[in-house]
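*Asks:* Dropping a prediction and its sequence here:
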Protein chains: 2
Amino acid sequence: MKLSEKKILKKKEEILLSAITIVNRKGYDGATMEEIAAELLMTKGSLYYYFKNKGDLMYQCHNLVLSQATKELEVNLNEEGTAEEILRKMVVTHINYAIEEKETFNLIIEPRQMFNEEQIEPVLKLRKHYSSLFDNVIEKGIATGEFHAKEPIIVRMIVLGAMNWIQQWYKPTGRMTKEELEQYFADYIIKLLK
Amino acid sequence: MKLSEKKILKKKEEILLSAITIVNRKGYDGATMEEIAAELLMTKGSLYYYFKNKGDLMYQCHNLVLSQATKELEVNLNEEGTAEEILRKMVVTHINYAIEEKETFNLIIEPRQMFNEEQIEPVLKLRKHYSSLFDNVIEKGIATGEFHAKEPIIVRMIVLGAMNWIQQWYKPTGRMTKEELEQYFADYIIKLLK
DNA sequence: TAAAAATTTGAACATAGATTAAAAAATTGA
DNA sequence: TCAATTTTTTAATCTATGTTCAAATTTTTA
């Protein structure tokens, strides 16, 4: 790869990171091209040198964050341990993303409302893969007899829903630390599966 | 109340119902004043005779649906039965709203992003009251010894989150009927509390 | 039925951002 | 160094809806 190509990739990444910051603060609609550029001491026109349009930029923000989270989950999944131990780690990973990358991670947004035709398929695929990692660990636990669930898919949906909901009410200043929260969530999720 | 006042209230309600339909189909941003009016064979200008602006209309949509849901929950809560029986009914009520009134019921939307300064307080209050109804039944169950929970508030958040998440994936055409779904959810929620 | 009041229309207006493109500036490389 | 290339700026344009308001229409009232 040429130097110039590397440079352009680096710049794209800078823009993405800036966009992610702003989107996490204000949401997709609230984030303006102006503000994203200003964060990097640029003007909005320049962004179009690197990204086709705002939709493209937003799409890449979501993808980047979701891909990172997926990678972390995959690491968790490949570590040694019982299904319970692995699932606990995954719960922590997921909750961290849900809290720290609130808006860009946001699995709650309706992809069909946010993204265009070409973007939807990859987004849905990424999300599906992400969910499937939870299915994996649940199935593993069922196979070893650690877990029991008549409808593992339903349990996984309950688990994901419960965790995604956290971003609606979590305040860093609340009476519970993020770590305590993660602990409790993990406990209750395990209970659901025993 | 004068006849003319009744008439105006009736018209307001018609507009609200139309707006709720459109919003449930397209979301708050996607619903245009034009389309809401068209549904009633009016032109958008007329809407401003009844509502101050779009924000006001959207606010009242959310309020109406949330208030109705609240009323139903309150009926559930006042019926005879064990905490478990009552909670099961409430789960059904909630899931029905989450599915059928998807976008207007949507407790997931960030109120601060959607509503203005005067509207936020009442919305948050309504939502808080709504949640508290679940706290009530959980506490009742704990008091009678039916339920056990070290952190009842956390359990309630898990329960609400899990239920609100349904609207992300539920399809009327899926392999499970709404009723089966409600059944499973209720079972798992009770398990969490035993 | 005719004046007054209430309601609706339609067209103009406002505006917030996204997008574009030509010119300017900065960088590269021979 | 200086011409070519890449990047950035600037400012104009576009667009989609929300909003307003005077005029037209419909309904009510006496």
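*Replies:* Now that the structure is in, tell me what you want to look at.
*Asks:* What confidence value was assigned to A:Val23?
*Replies:* pLDDT, A:Val23: 92.
*Asks:* just checking, it touches A:Glu101?
*Replies:* No. Using CB atoms under 8 Å as the test, A:Val23 is too far from A:Glu101 to be in contact (9.2 Å). For glycine as for every other residue, the C-beta is placed from the backbone atoms N, C-alpha and C.
*Asks:* List the residues that contact A:Phe147.
*Replies:* Going by CB atoms under 8 Å, 6 or more residues apart in numbering or on different chains, A:Phe147 touches A:83-84, A:138, A:141, A:193-194.
*Asks:* and with 10 Å instead?
*Replies:* A:Phe147 is in contact with A:82-84, A:87, A:137-141, A:155, A:190, A:192-194, counting by CB atoms under 10 Å, 6 or more residues apart in numbering or on different chains.
*Asks:* Quick check on the residues you listed: which are buried?
*Replies:* A:83-84, A:87, A:137-141, A:155, A:190, A:192-193 (16 or more other CB atoms under 10 Å in any protein chain shown).
*Asks:* Most widely separated two among the contacts of A:Phe147?
*Replies:* A:Thr82 and A:Val155 (17.2 Å; CB to CB).
*Asks:* mind checking pLDDT for A:Glu180?
*Replies:* 94.
*Asks:* Roughly how far does it sit from A:Leu73?
*Replies:* According to CB to CB, to the nearest Å, A:Glu180 stands 22 Å off from A:Leu73.
*Asks:* Contact residues of chain A facing DNA strand D?
*Replies:* Neighbours of DNA strand D within chain A, by CB under 7 Å from any atom of the strand: A:4, A:7-8, A:11, A:37, A:41-46, A:49-50.
*Asks:* Most neighbours out of these, which is it?
*Replies:* A:Ala37 (20 neighbours; other CB atoms under 10 Å in any protein chain shown).
*Asks:* name the element that one belongs to?
*Replies:* Following DSSP states H and E, one finds A:Ala37 within helix A:33-39.
*Asks:* cool, and A:His129?
*Replies:* Secondary structure assignment for A:His129, by DSSP H and E: helix A:117-144.
*Asks:* anything in that helix near chain B?
*Replies:* Yes. Counting by CB under 10 Å from any CB of the partner chain, chain B has neighbours in helix A:117-144: A:127, A:131.
*Asks:* Also stretch A:85-105?
*Replies:* Yes. Against chain B, stretch A:85-105 shows contacts by CB under 10 Å from any CB at A:102-103.
*Asks:* mind checking how far that stretch is from the chain centre?
*Replies:* 7 Å (CA atoms, centre = their mean, to the nearest Å).
*Asks:* same check, this time on stretch A:129-145
*Replies:* Using CA atoms, centre = their mean, the offset of stretch A:129-145 from its chain centre is 19 Å.
*Asks:* quick one: is the lowest-mean-pLDDT helix or strand in chain A near DNA strand C?
*Replies:* None of the helices or strands of chain A scores lower by mean pLDDT, DSSP states H and E than helix A:111-114, at a mean of 73. No. Shown here: helix A:111-114 not in contact with DNA strand C (CB under 7 Å from any atom of the strand), separated by at least 13.2 Å.
*Asks:* per the record, what domains does chain A have?
*Replies:* A:1-51, A:55-193 (automatic domain parsing).
*Asks:* sorry, back to before: can you give me how far the least confident helix or strand of chain A is from the chain middle?
*Replies:* Relative to its chain's centre, helix A:111-114 lies at 16 Å (CA atoms, centre = their mean).
*Asks:* what does that helix rub up against?
*Replies:* Here helix A:111-114 has contacts from A:28-29, A:55, A:58-59, A:62, A:106, A:119-124, A:126-127, B:26-27, B:29-30, B:103, B:168, using CB under 10 Å, 6+ apart.
*Asks:* go with 7 Å
*Replies:* A:28, A:120, A:123-124, B:27, B:30 (CB atoms under 7 Å, 6 or more residues apart in numbering or on different chains).
*Asks:* neighbour-wise, which of those leads?
*Replies:* Of these, with other CB under 10 Å as the count, A:Tyr28 tops at 22 neighbours.
*Asks:* and that residue, what does it touch?
*Replies:* Contacts of A:Tyr28 were listed using CB under 7 Å, 6+ apart, and they are A:58, A:103, A:114.
*Asks:* can you rerun that using 6 Å?
*Replies:* A:Met58 (CB atoms under 6 Å, 6 or more residues apart in numbering or on different chains).
*Asks:* distance of it from chain B?
*Replies:* Distance, A:Tyr28 to chain B, by CB to the nearest CB, to the nearest Å: 10 Å.
*Asks:* in stretch A:120-136, what's buried?
*Replies:* A:123, A:126-127, A:130-131, A:133-134, A:136.
*Asks:* List just the nearest of those to A:Lys150.
*Replies:* A:Phe134 (16.8 Å).
*Asks:* Which residue is the nearest non-sequential neighbour of that closest one?
*Replies:* Among residues not flanking A:Phe134 along the chain, A:Arg156 sits closest, at 4.9 Å (CB to CB, 6 or more residues apart in numbering or on different chains).
*Asks:* The one you found: how many residues sit nearby?
*Replies:* Residues lying near A:Arg156 (other CB under 10 Å) number 21.
*Asks:* And the pLDDT for it?
*Replies:* 96.
*Asks:* how far away is A:Met163 from A:Gln60?
*Replies:* As defined by CB to CB, A:Met163 lies at a distance of 24 Å from A:Gln60.
*Asks:* The two: who's more crowded?
*Replies:* Shown here are A:Met163 and A:Gln60; by other CB under 10 Å, A:Met163 has more neighbours (25 against 18).
*Asks:* There's contact between the more buried one and A:Thr93 in this structure, I believe.
*Replies:* No. If you go by CB atoms under 6 Å, A:Met163 and A:Thr93 don't touch, sitting 10.1 Å apart.
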